[in-house]
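>>> with the input below, show me the fold.
(chains A, B, C and D)
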4 protein chains.
Amino acid sequence: MDPRRITWPRTIDMNDRALRDVVLGLGGMGNGVPREERWVIVPASEIMAVLSLATSRADLEARLARILVGSTAGAERKPVTAGDLKASGAMALLLKDAVRPNLVQTLEGGPAIVHCGPFGNIAHGCNSVLATRSALAVADVVVTEAGFGSDLGAEKFLDIKCRAGGLNPEVAVVVATVRALKLNGGAKKTELTREDLGALERGLVNLDLHVENMRQFGLPPVVAVNRFGTDSDAELQMVADRARSLGARVALNEVYARGGAGGEELGREVMAQLAAGGANYAPLYDTGLSIREKVDTIVRRVYGGDGADFAPKAARAAEYLESIGLGKTPVCIAKTQYSLTDDATRFGRPTGFRITINELYPAAGAGFVVAQAGDIMTMPGLPKVPAAEHMAVKPNGEIVGLS
Amino acid sequence: MDPRRITWPRTIDMNDRALRDVVLGLGGMGNGVPREERWVIVPASEIMAVLSLATSRADLEARLARILVGSTAGAERKPVTAGDLKASGAMALLLKDAVRPNLVQTLEGGPAIVHCGPFGNIAHGCNSVLATRSALAVADVVVTEAGFGSDLGAEKFLDIKCRAGGLNPEVAVVVATVRALKLNGGAKKTELTREDLGALERGLVNLDLHVENMRQFGLPPVVAVNRFGTDSDAELQMVADRARSLGARVALNEVYARGGAGGEELGREVMAQLAAGGANYAPLYDTGLSIREKVDTIVRRVYGGDGADFAPKAARAAEYLESIGLGKTPVCIAKTQYSLTDDATRFGRPTGFRITINELYPAAGAGFVVAQAGDIMTMPGLPKVPAAEHMAVKPNGEIVGLS
Amino acid sequence: MDPRRITWPRTIDMNDRALRDVVLGLGGMGNGVPREERWVIVPASEIMAVLSLATSRADLEARLARILVGSTAGAERKPVTAGDLKASGAMALLLKDAVRPNLVQTLEGGPAIVHCGPFGNIAHGCNSVLATRSALAVADVVVTEAGFGSDLGAEKFLDIKCRAGGLNPEVAVVVATVRALKLNGGAKKTELTREDLGALERGLVNLDLHVENMRQFGLPPVVAVNRFGTDSDAELQMVADRARSLGARVALNEVYARGGAGGEELGREVMAQLAAGGANYAPLYDTGLSIREKVDTIVRRVYGGDGADFAPKAARAAEYLESIGLGKTPVCIAKTQYSLTDDATRFGRPTGFRITINELYPAAGAGFVVAQAGDIMTMPGLPKVPAAEHMAVKPNGEIVGLS
Amino acid sequence: MDPRRITWPRTIDMNDRALRDVVLGLGGMGNGVPREERWVIVPASEIMAVLSLATSRADLEARLARILVGSTAGAERKPVTAGDLKASGAMALLLKDAVRPNLVQTLEGGPAIVHCGPFGNIAHGCNSVLATRSALAVADVVVTEAGFGSDLGAEKFLDIKCRAGGLNPEVAVVVATVRALKLNGGAKKTELTREDLGALERGLVNLDLHVENMRQFGLPPVVAVNRFGTDSDAELQMVADRARSLGARVALNEVYARGGAGGEELGREVMAQLAAGGANYAPLYDTGLSIREKVDTIVRRVYGGDGADFAPKAARAAEYLESIGLGKTPVCIAKTQYSLTDDATRFGRPTGFRITINELYPAAGAGFVVAQAGDIMTMPGLPKVPAAEHMAVKPNGEIVGLS
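Sure thing, here's the model as predicted:
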C-alpha cells in the first residue's frame, strides 16, 4: 500500500478546521510514515453513508469490507479495501447497536425515526434504509425527507437510496416558499419580506423544474407552500395557481406556526394523491452506463444543463474507477444547493450551462461514486465566538449556554 | 498568543502513533495557522490529572481555568490559560458527571471505586482524590494503589496526591516478588523461574531501599510477597527473613491464585500494623524550594543518587516557570520504572549516579511540574497485529475477539 | 505581512521535484514561522521575466521594487512588494552584470545574442528587450524567436514584449512542418514518417489560423517549411501551395541539414517581404480592458474559441488584482502548446470551445498577469536515471557523461 | 532506502533559518515521498570536509563515494552511500576545479593559500590538506591556522587533518590576549579594557592548559601575545612572564596595528624554536579505540574533565556506527568555543566536569565521526536588519552597502 495513495481520511467528531489539511507521521521511525492527511467529521465519513444504506447487519459488514482505503504502490495500483486490512469485523462490532433505528416522538407525540446523518454533499443525505423499512413495516404512510431540491436531495434519494433499499415511493411533496421563489426571480436577499409579484412570477420557472423532475422519476407531485408571516395573499395565490397549472395538487403548509394542525391540509392532499395513484417510480439512469454518461444524464435531465465536463484529474479518476470495477454504481453529485448550476449565484431556471466535475471519489462501501462540482467542505470550522465560551455549570448544578 | 508557543496538545482516545508529531493548519487561509502539534491520548491529558486531583466541582473548574495552554508572542511571553480562552466553563460542563467516582464490585462482591486514570509518567498515576475521600467516608480501612515502586508510584502518591487531597495514610504495603528481586540481583530475564538464591540475595538491596523510603515518609511498611508458582520455599523464606530483619511485618500474598482467601494473611498484618500505630506521614519536601532543589531532593533521598542535572532546555524551562509563578508546586518526575536511575538497564540499588532532566513541563491545572528524565510516550502505538483484526460479530449476534 | 499570504516562492537552480510543495519554518521559535512553500527553478522566477523586460538598469530596479511578495493580514489585505521589504537594491546589485546581453557566435561565425530565459508558460518566453534593442542598434535586420505557435509565443511576444520594449516588428515568419500538420490532421504520432496527403490536407487548417493570426497583429507572414528527411515532395508541395493560397510568401528551410546555406531561400523571402513593406503592427487589445475581457479577447480572436471561464478562485484573484491596481497590464496565458484549446489532445483548428482559467497570478514587476489554463510545472523533476549517474572525471582528467 | 533514514541534508549557500527543519515531497505522487528534511549551508556540508581532507582527485572521488546518505528499511538497516547511488562521479566532476588550492597574496605581497572552509563544529575547521601540502612543496616554513584554542582547533588539526594528510608539524603558536585571559579570570565582558592584574593572574590557568596541551601532542609551544591598544604594559608583562615560566618562547604580536613588521618578533621566535628542534608530533589517541573511549580520552586529556556521558540516542548511534565498520576513525567533537566544558559560561580551567554527547553523526567520506556536545547550528539565520537592506547600485554604477 502506497502511503501517498491512501484515500481514507481520519475522522473525528469535532469542528476543527485546522485538521482539514495536515502532515502526520513526523518525528522519525517510531512514528509511522510521513504523509499528508485530511480529517473529516463523522457525518462526512463514508461509514455514515454505509450505515444508512445497509439493509442488514450482514450487508453492513459486507459494505464495510468493500470500503476502498487506498491502493498499492507502482504502476499496478491495485485497490486496497478495509476488508483487505481485516478491519471490517471490528467496525461491524463497533456499529452493532448503531445499526438499530432510533424511535423518538414529536412535540405532539407522533412517532418519528431519526437514524443516520450522512452529509448531503459527499453522500446522499437521507436517513437510513433500515429506518424507512422499519417505518414501512408498521405504518400505512411513511414520510421521509430528502433535503435541498429535486436536483440534490430528491435525485439522490431516488437514484441512490431507493435503488439500494428497494423502496418504492408513491408521491413526492415539493416544498416551495414565496421567499425562495422571489429570490429565484431576481429579488434581493434583503427585500424578500416585501411583496414583489414580478420577481415571484419570474422565479416560478424554478418551481416548474422541480415539479417536472418529480414526474420524470414517475412520482405524482404535491406542492406544499410553506407559509411565512411576510408572504402576501396575492403571492401565496400566485404560487398555488402556478402549481395547479402544472397539474399538481397544492396545500398551504403552516406547520411551523401552528404545529400538526397547520399541516392537515397538506396531509389531506397527500392522502388524496395516494388514493388517486398514478405513481410509477423508476430511477433516472441505468447504472450500467459509464460514469461520465451518468453524470451527464443527471446534468441534462435534472439540472436542465447541456452536460458535464470532467477536469483532467476527474477524468483520470473515472477511468481508474472503471478499470477496477467501480464504475457500475449510481453517482452522487456534490453541487451547491443555491443554484441548478455549479455557480451559486445563478438563480431561476438557467439553460445553456455545463457543469465541471473537479474531483471524483469512490464510496465503494456505500455503493456510489462522488462527483464533485466545486469545493466540498468535509470538516467545518467554529464561529468567531464559539458557543463553548458561554457554557458553564452553575454552583447549584444548573447548566447554562447549551441553547 | 504565539502559535509556536502553544503547549496544549490535541487529545484523542485512540492509539495512533502517527499523531505524535504532526503539522496542521495547512491548506491556506481558511484552515487556520500552520503549526506543529503533538497529540496525546486521554490518560496523558492534563485534564485527567486535573480531574483526579480535584476536591470538588468548584475546585475542578478552578483547576481547569488555570491550565496553561501557551504564551503570548514576543519577549514578554505572558502565559495564556484555559480560563483566558473562556474554555473552562464548557470543560467543567463536559466533566459534570465524570467527576463522580464509579463504584464497582470485585468478583467476590467487595466494593471498589475505579475513578480516573492519569498516566503514571506524565502525571501522578493514582486514582482520584474524590474516590479516596468517598471511600474514607464509608469504610474503616481504604486500600489504594500507587504503582511502580517507592520511587515512582509511592513518591508521587505521597508528595502529590496526599498533599493535594489532604490525605493522611497510615501504613504502606510494599509488594515484592522473588522474580523481580532476582532480576535486581543480576539473574537473566529468561531464567527467573529457576531457583537462584545467590541472585535473590544480591537483589534484596532493592527491597531494602523501598522499605527505607516508606519510613522516610513516616509510614510503617508491611511487605507483601506476591507468590508465583515457580518460587521455591527457600526463596520465599529468604525474602520474608530480609523483610523481618528490616523491622517490617511480612505476609505471603496469594490473591492471584486463591482470590480473597489468598490475601487474608496480608489483611491481618495490615490490620495489626494499623492497630500498632506509629505512622507520622509527611511529604518529602517543602514546595517552597526551587524546582531544581525539589528534583534534586527526590533523586538523592528517594532514588539514592547524587543529584539531578538539567539539560539547557529544562534549565530554561525551570527559570521561566518560576518567573511566571509556577515554581511553588510539587514536581512529578517521569522516569523509567525498571531502574532507580534513568537508565533502564541498571538494576539493584545503584549509587553514585545522577539523573538528567531533559524537559520540564508545567501542569498548572493539576498543580505540579513534570520533570522528564528520558523519553515520555504520550501516544502509544498499536501492536504489529492489532487486536481489531480478530474482532467480529457473528451472524447470531455473538461477539468475538474482545478478549 | 501574513505568512499564509506570501506568494513569492523560494527559487533554486536545481530540478528537485520534492521542493514543489513543502512546509518550512518547523522546529520552534528560532526557525521562523511554519508555513507552506513552493519552490521554483530560476527560469520560472518572476525575476527572470523582470530582467528580460527591463529597458535599463533604472527600469530593472523599479520593476524589482514593484514585485508583489504577499499581502498583509486581516481583511485589508494590503499588497506587500519587494520594495517595501527594501530588497530591490540588493537584487539590482546582484543583477548588475546579468543585465548585459551576451554576444555569442553561431557555428558559422554569425553574431547572436543569447540573453534571459523566462519560462514560456508562467512568463512570456522570449529573450530580453535589451538584447533585441542592442541588436537593432547595430544590424539592419534582427531575427528573434518566440516559440510555440501564434497562440503562445507570438501572442506574448507581440502583446507583452513589443509593448514593453517599444519594438515594432515588420514581418512574421510562421514555421511549419509537414509532420506537425499531419498530426493536426489526425495522423498517429507513430506514423508521421509515412506520406499521408489526406491527414496533411485536413491539418492545414491549423496553418491557416497561424497565418491569419499574424495578419491580425498587422504583420505580413512568411511561411517557412522546415524540411525533414521523411517528408515527401508531394507533401512539401501541398504545404507550400496552401501557404501561397493564403497570400503568404513561402520558403523551404533546410538549416538543420545544410546550415546557413539551407536558409538562404528563407532569407531571400524575408528580405523581399521587408522590401515590400505593408507591416502595421499593433497589439491585440487595449490594456485598459478588464482582466477577464483581455483573456476573453485572446481566446476568441487568437485561439478561435468562444471565450474564457474563470474558476471561482481565479475570479476572486481577478477582482483582487484589479482592486489593488494591477488590472491594467497585459495578460500572459499559460496553456498547453499541443492544442489551441486547453485540452492537449484536441488538434487541428477546433471551434466552439471555451478555455477555463484555474488560477491567476500577478507578475507586478514583469508587468503582466498570468492566467493559468491547466497545470503549470514550475519545478521540473529528474528522469528515472538522472544524467548524473554517467558523469565522471577519468584519472587523466577527461570528463565523461556531459553529453 | 528508507526515506525516514536519509541522513544526508540538502545544502544551499544562503542563511535561511526557515530551512533548518522542513517537510518536503508533499502534494502527491508526482512530488516524491513526504519526509522531514534539514538544510545546511555549504561550509556545514560533509562535502566541504571531504574536499579539505582529500589528498588527490582519486582520493576525493573515493571519499565522496564513501559518504553515507542513509540506510535501508527494516531491521537490517544497511548503510547506503553516495557511491551506491552512483552520485560520486558527478560530484567529483563538479569539484574538478574546486580541488585546486587558491593562491592569493597578502596586502604586503606575501603569498597565502586560501582553500576550503569546513565549519569548525560539525567538521574539523582547517584549510585543505592539498593547500598545506602545496605550500610545503615550495616553502621552508608553512604557517596554518586552526582556530578556537587547543581544545577545538588544535585538537582537530592534530588528530584529524595531520593524521589524514600525513603532516608533521614542528611548532605550535599559542595565541593569547590579555582581554581573553582576564575574562577567563572572572572579569566582566564590559570591563576588559580596564587594567585588572588580579583577574589576569586568575585567568592564566587557561593559558597553562593550552600550552600543556601542545606539549601532549609533542609540539614545542611559542606563545604569541596579540596586543590590543587597551592592554597595559604590566598586563602584557605578566602574560609573557607566565609563558616563560612554562618554558615557552614568547613574542608580542602587533600584526593588526603594524602589519608584517609587527610580526617580526614572533617570526624570530618561531624560527628559533624550529632551529632548536624538539618536536615529536603524535596524535592523541589510537583510532582503534571504541568511539566512546576516543571521546573520553579527549575530554580527560585535552579538556581536563572527568570523562564523557553519551545520551541514549548517541549511545545507540555509537553502537550502530561500530556495527557497520565506521568506528575506527578519529572523532570530531562539536563543543562551545567559550569554555573547556560544554557549558559556555564556565571560564578559566574547570575541573571535575563531564561532557554529555547528545548526538553522534558519521562523516564517512571525511573520515571521522561527529560527537555533538550541545546544539549545533548548521544553518545560520539573518540579523534583524539584513545587510541586503543597505545594498544598492547608484545610477552611476557605484555599488554601496557591501561593507
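
>>> contacts only, for the nearest residue to A:Arg10 once chain neighbours are set aside.
If you skip the residues right next to it in sequence, A:Arg10 has A:Trp39 as its closest partner in space, 4.9 Å away by Cβ to Cβ, 6 or more residues apart in numbering or on different chains. Every residue, glycine included, has its C-beta placed from N, CA and C. A:Trp39 makes contacts with A:Pro9, A:Arg10, A:Thr11, A:Ile12, A:Asp16, A:Leu19, A:Arg20, A:Val22, A:Met379, as judged by Cβ atoms under 8 Å, 6 or more residues apart in numbering or on different chains.

>>> where does chain A get nearest to chain D, residue-wise?
Scanning chain A for the residue nearest chain D gives A:Pro34, at 4.4 Å (criterion: Cβ to the nearest Cβ).

>>> can you get me a residue count around A:Pro383?
Neighbour count for A:Pro383, taken as other Cβ atoms under 10 Å in any protein chain shown: 8.

>>> mind checking how far it is from D:Ala58?
69 Å (Cβ to Cβ, to the nearest Å).

>>> before we move on, what SS does the nearest residue to A:Glu254 once chain neighbours are set aside have?
Using Cβ to Cβ, 6+ apart and skipping the chain neighbours, the partner closest in space to A:Glu254 is A:Gly262 (3.2 Å). At A:Gly262 the chain is in helix, as set by DSSP: H, G, I helix; E, B strand; the rest coil.

>>> swap in the one 4 residues further on?
Classification of A:Leu266 into helix, strand or coil gives helix, according to three-state DSSP.

>>> for the residue lying closest to it once chain neighbours are set aside, what are its contacts?
Nearest non-adjacent residue to A:Leu266, counting by Cβ to Cβ, 6+ apart: A:Ala251, 3.9 Å away. Counting by Cβ under 8 Å, 6+ apart, A:Ala251 makes contact with A:Val222, A:Val223, A:Ala224, A:Val225, A:Glu265, A:Leu266, A:Arg268, A:Glu269, A:Val270.

>>> please pick the buried ones from these.
Buried by 16 or more other Cβ atoms under 10 Å in any protein chain shown: A:Val222, A:Val223, A:Ala224, A:Val225, A:Glu265, A:Leu266, A:Glu269, A:Val270, out of the contacts of A:Ala251.

>>> including secondary structure and pLDDT, could those residues go into TSV?
TSV is the format used below for these (DSSP: H, G, I helix; E, B strand; the rest coil; pLDDT from 0 to 100):
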residue	secondary structure	pLDDT
A:Val222	strand	98
A:Val223	strand	98
A:Ala224	strand	98
A:Val225	strand	97
A:Glu265	helix	97
A:Leu266	helix	97
A:Glu269	helix	97
A:Val270	helix	98
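
>>> ok, which pair from those is furthest apart?
A:Val225 and A:Val270 (13.8 Å; Cβ to Cβ).

>>> what bits of the stretch 1-150 of chain A have low per-residue confidence?
The stretch 1-150 of chain A contains no residues with pLDDT under 70.

>>> what residues does it put near chain B?
Within reach of chain B by Cβ under 8 Å from any Cβ of the partner chain, the stretch 1-150 of chain A has these residues: A:10, A:12, A:16-28, A:30-33, A:57-58, A:61, A:86-87, A:89-90, A:92-93, A:96.

>>> show me how far the helix or strand harbouring A:Ala62 is from its chain's centre.
Following DSSP states H and E, one finds A:Ala62 within helix A:57-66. Here helix A:57-66 is found 21 Å from its chain centre; the criterion is Cα atoms, centre = their mean, to the nearest Å.

>>> cool, and stretch A:212-226?
18 Å.

>>> skip the chain neighbours and tell me the closest residue to A:Glu223.
Let me fix one detail, which is that residue A:223 is Val and not Glu. That would be A:Ala243: by Cβ to Cβ, 6+ apart, it lies 3.8 Å from A:Val223.

>>> which residues touch the spatially closest residue to A:Glu359 that is not a sequence neighbour?
Using Cβ to Cβ, 6+ apart and skipping the chain neighbours, the partner closest in space to A:Glu359 is A:Gln372 (4.3 Å). By Cβ under 8 Å, 6+ apart, the contact set of A:Gln372 is A:Ala314, A:Ile333, A:Ala334, A:Ile357, A:Asn358, A:Glu359, A:Leu360, A:Tyr361.

>>> how much space between the closest residue to A:Ala139 other than its chain neighbours and chain C?
Once flanking residues are discounted, A:Ala139 sits nearest to A:Pro111: 8.0 Å by Cβ to Cβ, 6+ apart. According to Cβ to the nearest Cβ, to the nearest Å, A:Pro111 stands 44 Å off from chain C.

>>> how far away is A:Pro111 from D:Gly267?
107 Å.

>>> which of the two has more neighbours?
Each of A:Pro111 and D:Gly267 has its neighbours counted (other Cβ under 10 Å); D:Gly267 has more, 14 against 11.

>>> was I right to think the residue of chain A closest to chain D contacts D:Glu36?
Yes. With contact defined as Cβ atoms under 8 Å, A:Pro34 reaches D:Glu36; the gap is 6.5 Å.

>>> tell me which of these two has more neighbours.
More neighbours surround A:Pro34 than the other of A:Pro34 and D:Glu36, with 26 against 23 (other Cβ under 10 Å).

>>> and the more buried one, its phi and psi?
phi -60, psi 130 (degrees, to the nearest 10).

>>> tell me the contacts of it?
Neighbouring residues of A:Pro34 by Cβ under 8 Å, 6+ apart: A:Pro3, A:Val23, A:Leu24, A:Gly25, A:Leu26, D:Pro3, D:Arg4, D:Val23, D:Pro34, D:Arg35, D:Glu36.

>>> can I have the buried ones of the residues you listed as a ChimeraX selection?
The buried residues among the contacts of A:Pro34 can be selected in ChimeraX (16+ other Cβ under 10 Å) with this line:
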select /A:3,23,24,25,26 /D:3,4,23,34,35,36
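
>>> make JSON lines from the contacts of A:Pro34 and add secondary structure to it.
JSON lines is the format used below for those (three-state DSSP):
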{"residue": "A:Pro3", "secondary structure": "helix"}
{"residue": "A:Val23", "secondary structure": "strand"}
{"residue": "A:Leu24", "secondary structure": "strand"}
{"residue": "A:Gly25", "secondary structure": "coil"}
{"residue": "A:Leu26", "secondary structure": "coil"}
{"residue": "D:Pro3", "secondary structure": "helix"}
{"residue": "D:Arg4", "secondary structure": "helix"}
{"residue": "D:Val23", "secondary structure": "strand"}
{"residue": "D:Pro34", "secondary structure": "coil"}
{"residue": "D:Arg35", "secondary structure": "strand"}
{"residue": "D:Glu36", "secondary structure": "strand"}
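
>>> quick one: residues contacting whichever residue of chain A sits closest to chain C.
For chain A, the residue closest to chain C is A:Val23, as judged by Cβ to the nearest Cβ, at 6.2 Å. By Cβ under 8 Å, 6+ apart, the contact set of A:Val23 is A:Pro34, A:Arg35, A:Glu36, A:Glu37, B:Val22, B:Val23, B:Leu24, B:Leu26, C:Val23, D:Val23, D:Leu26, D:Pro34.

>>> got the residues of the stretch 1-150 of chain A near chain D?
So the stretch 1-150 of chain A meets chain D at A:2-5, A:23, A:26-29, A:33-36 (Cβ under 8 Å from any Cβ).

>>> next, A:Ala251: phi, psi?
The phi and psi values for A:Ala251, taken as degrees, to the nearest 10, are phi -150, psi 140.

>>> ok, the one 3 residues further on next?
As for A:Glu254, its main-chain torsions (degrees, to the nearest 10) stand at phi -120, psi 30.

>>> what's the answer for A:Leu68, then?
Torsion angles, degrees, to the nearest 10, at A:Leu68: phi -90, psi 130.

>>> how about the contacts made by it?
Here A:Leu68 is in contact with A:Thr7, A:Trp8, A:Pro79, A:Val80, A:Thr81, A:Leu326, A:Pro362, A:Ala364, A:Gly365 (criterion: Cβ under 8 Å, 6+ apart).
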